[in-house]
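In: mind folding the following:
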Amino acid sequence: MVIASLTWELRLPGCSSLKQKRSVVRSLRDRLRTKFNVSVAETAFQDMCNHAALTIVLVTTDSGFADSILEKADRLVEEHAGAVITAVHRDVY
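Out: Now for the predicted structure:
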């Protein structure tokens, strides 16, 4: 069994309120969950309106499949217009 996680620390340059931040984070969260069938959570910076940390986790039997999903998810977040990636943390167990 393979457990893989990927955490992005994000800067949200267009957000000046928590309401705007929630909109961007919800958009990313919903797209990741729908497209890749992974668990997604905001894991840090909940009280800051211009920073966020999103983490995805998936469980599978194939490490190649896990790597593929993490790569595709990373590209999706990179291409999102409302967020800039400042750091990425990846773990595979």
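In: quick check, central residue of this protein?
Out: The centroid of the chain falls nearest to residue 54 when counting by Cα atoms, centre = their mean (4.0 Å).
In: so that residue, which of the three states?
Out: strand (DSSP: H, G, I helix; E, B strand; the rest coil).
In: how close does it sit to residue 62?
Out: 24 Å (Cβ to Cβ, to the nearest Å). Just so you know, the C-beta spots here come from the backbone N, C-alpha and C atoms, and that holds for glycine as well.
In: before we move on, the earlier item: what bridges to the residue nearest to the centre of the chain?
Out: Counting by DSSP bridges, residue 54 is bridged to residue 8, residue 42.
In: contacts for the longest helix seen in the chain next, please.
Out: The helix that spans the most residues within the chain, counting by DSSP state H, is helix 18-36. With Cβ atoms under 8 Å, 6 or more residues apart in numbering as the test, helix 18-36 has contacts from 12, 14-15, 38-42, 47-50, 52, 54, 56, 58, 69, 72-73, 76-77, 80, 82-83.
In: report the rounded mean pLDDT for it.
Out: Across helix 18-36, pLDDT averages out at 94.
In: using PDB, list the CA coordinates for that helix.
Out: The C-alpha coordinates for helix 18-36 follow below in PDB (Å, rounded to 0.1, in the frame of the first residue of the first chain):
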ATOM      1  CA  LEU A  18     -10.800  35.900   4.100                       C
ATOM      2  CA  LYS A  19     -13.900  35.700   1.900                       C
ATOM      3  CA  GLN A  20     -11.900  36.100  -1.300                       C
ATOM      4  CA  LYS A  21      -9.300  33.600   0.000                       C
ATOM      5  CA  ARG A  22     -12.100  31.000   0.700                       C
ATOM      6  CA  SER A  23     -13.300  31.500  -2.900                       C
ATOM      7  CA  VAL A  24      -9.800  30.700  -4.300                       C
ATOM      8  CA  VAL A  25      -9.200  27.800  -1.900                       C
ATOM      9  CA  ARG A  26     -12.600  26.300  -2.500                       C
ATOM     10  CA  SER A  27     -12.100  26.500  -6.300                       C
ATOM     11  CA  LEU A  28      -8.800  24.600  -6.000                       C
ATOM     12  CA  ARG A  29     -10.100  22.100  -3.500                       C
ATOM     13  CA  ASP A  30     -13.100  21.300  -5.500                       C
ATOM     14  CA  ARG A  31     -11.200  20.900  -8.800                       C
ATOM     15  CA  LEU A  32      -8.500  18.600  -7.200                       C
ATOM     16  CA  ARG A  33     -11.200  16.500  -5.400                       C
ATOM     17  CA  THR A  34     -13.300  16.100  -8.600                       C
ATOM     18  CA  LYS A  35     -10.500  15.600 -11.100                       C
ATOM     19  CA  PHE A  36      -8.200  13.200  -9.100                       C
END
